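> Sharing a sequence plus its predicted fold:
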Amino acid sequence: MELLTSTYMFWQEKLSPLHLSRIKNSSFSALEIFCIKEHFDWQDNRQRGEIKKAADDLGIEIHSIHAPYNLRKAATISPAWRIKNGGWHRKKSKLR
C-alpha cells in the first residue's frame, strides 16, 4: 500500500521544491497537487517544470491534480494535467 498526501496542507503558500522535500522526508511516496492559482499555477510553465523536476529528483510520484474550486473557470481552463513522456499535457474533459 502506498502512502499519499496532498499539497493542500501548504495551500496558503506558493508550492515549491522545498514543500516536496518535506513531503518526501515524511515518508510519502506520492502526492496530489492542490490547484488554486495562489498555491500552484497550472498555467505557469516555469512552475510546472520546477515542480515536476523536484518530484522526479526526489522520487515522488505526482499521482493526481486536484481541480480548483472555481468550477466556472475550471470549465474553460481545465487544470486536469497529467505527466506523460517527461512533460505536462492537458487532458481534455467536459464538466457537466
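Good, I have the coordinates. Computed from a predicted model, the values in this text were never measured in an experiment.

> Could you name the helices and strands sitting against the longest helix belonging to the chain?
The helix that spans the most residues within the chain, counting by DSSP state H, is helix 45-58. Packing contacts for helix 45-58, counted by 3 or more Cβ pairs under 8 Å, 6 or more residues apart in numbering; DSSP states H and E, involve helix 17-25, strand 61-66, strand 87-90. Using the backbone N, CA and C atoms, a C-beta is placed for each residue, glycine as well.

> could you dump the ones you listed to JSON lines with mean pLDDT and mean neighbour count?
Listed next are the helices and strands packed on helix 45-58 as JSON lines, based on pLDDT from 0 to 100; neighbours: other Cβ atoms under 10 Å:
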{"stretch": "helix 17-25", "mean pLDDT": "96", "mean neighbour count": "16"}
{"stretch": "strand 61-66", "mean pLDDT": "89", "mean neighbour count": "17"}
{"stretch": "strand 87-90", "mean pLDDT": "43", "mean neighbour count": "13"}
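
> Angles on the backbone of Leu31, please.
Torsion angles at Leu31 (phi, psi; degrees, to the nearest 10) stand at phi -150, psi 160.

> do Ser29 as well
phi -110, psi -10.

> pLDDT wise, what is it at?
Listed pLDDT for Ser29 reads 91.

> Give the lowest-confidence helix or strand of this protein, using mean pLDDT as the measure.
Lowest by mean pLDDT, DSSP states H and E among the helices and strands of the chain is strand 81-84, with a mean of 40.

> which residues sit in contact with Ile51?
15-17, 20, 33, 40, 62 (Cβ atoms under 8 Å, 6 or more residues apart in numbering).

> pretty sure Ala55 contacts Gly49?
No - counting by Cβ atoms under 8 Å, Ala55 does not reach Gly49; the two are 10.8 Å apart.

> Looking at those two, which one has more neighbours?
Looking at Ala55 and Gly49 with other Cβ atoms under 10 Å, you find the greater number of neighbours at Ala55, namely 20 against 12.
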